[in-house]
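1. Okay, predicted coordinates and the sequence, questions at the end:
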Amino acid sequence: MKKRLMAGAALLAAFPGLAMAADLGRPAAPAPVYTKAPPPVMLYNWTGCYVGGNGGGVFAHKSVTDPVSGLSEGTLDIDGGLIGAQVGCNYQFSSWVIGVQGDWDWSGSSGSFNDLVFLGTTDSVKIKSLASVTGRLGYAWDRFLLYAKGGGAWESDDYSATFLGASSTASDTRSGWTVGGGGEYAFTDWLTGFVEYDHYDLGTKTENFTGALGTFSTNVQERKDVVKGGLNIKFGWGGPVVARY
């Protein structure tokens, strides 16, 4: 009996050591891992105003008609260059960008043709300047903006009709509409560059000539296409746009 009691006491005395040994053999629980949310991606913000310059090519088609007989006096294609400036403002919401822009370009492109009604007469046209005020709607992928535009357009022209050294002239500013579109890229936070195509329809207008050949009128219909590129300096008032996932 005494021996049994002594054996039980020895077993109880050894139990804490056995429990500790069992704990040492058990793998430790992994430490909790705390993850940080990734910082938000900040995208370029197109909101702001800008001013810049542009240059490109103009491709005009004019059709001239005698208002009395209705006969065609001829047609004229005028290809040339243009250079000018633009100013505008944009506002970005989500990835969409709306804006308004005004531009003015000097051209100096000219051409002439032999009149088919008044034989021996040379008709000449000079495109002096081209301007427009348009609204813009675009979609932005960070620093790249794809946009469409449309609005009113105005052109200043000089005309002349010459026969045997005598001539009569006319000058006017005609109005019409324009639609187009292009792409713009932000090289830095304040400098962007763009390339665009615009179509102009300036309708038909009666031009009144005066001079040595007398006073007479002619009808001129005009459409033109313009391809140009340029740079803008942006003055933004909004911070970066946070990308949405």
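-> Nice, thanks for sending it over. Numbers count the residues shown, from 1 in each chain.

2. any idea how far the closest residue to Glu207 other than its chain neighbours lies from Asn54?
-> Of all residues not flanking Glu207 in the chain, Ala170 sits nearest, at 4.4 Å (CB to CB, 6 or more residues apart in numbering). Bear in mind the C-beta positions are built from the backbone N, C-alpha and C, glycine included. Distance, Ala170 to Asn54, using CB to CB, to the nearest Å: 29 Å.

3. for stretch 73-82, which positions count as buried?
-> By 16 or more other CB atoms under 10 Å, the buried positions in stretch 73-82 come out as 73-74, 76, 78, 82.

4. Please, where are all the helices along this protein?
-> Assigned by DSSP state H, the helices in the chain fall at 2-25.

5. Show me the strands in it, by range?
-> Ranges of strands in the chain, per DSSP state E, are 42-43, 48-65, 72-93, 96-114, 122-141, 144-163, 166-186, 191-211, 216-235, 241-242.

6. ranking those strands by mean pLDDT, which is last?
-> Sorting the strands of the chain by mean pLDDT places strand 241-242 lowest, at a mean of 61.

7. Now do the phi/psi pair for Pro67.
-> phi -70, psi -20 (degrees, to the nearest 10).

8. Let me know the pLDDT of it.
-> On the pLDDT scale, Pro67 is placed at 96.

9. can you check Val41 too?
-> 71.

10. Then Phe15?
-> pLDDT, Phe15: 43.

11. Now for Thr215, how many residues are close by?
-> Thr215 is flanked by 9 other residues according to other CB atoms under 10 Å.

12. Pretty sure it sits against Ala161.
-> No: the criterion here is CB atoms under 8 Å, and Thr215 misses it with Ala161 at 11.4 Å.
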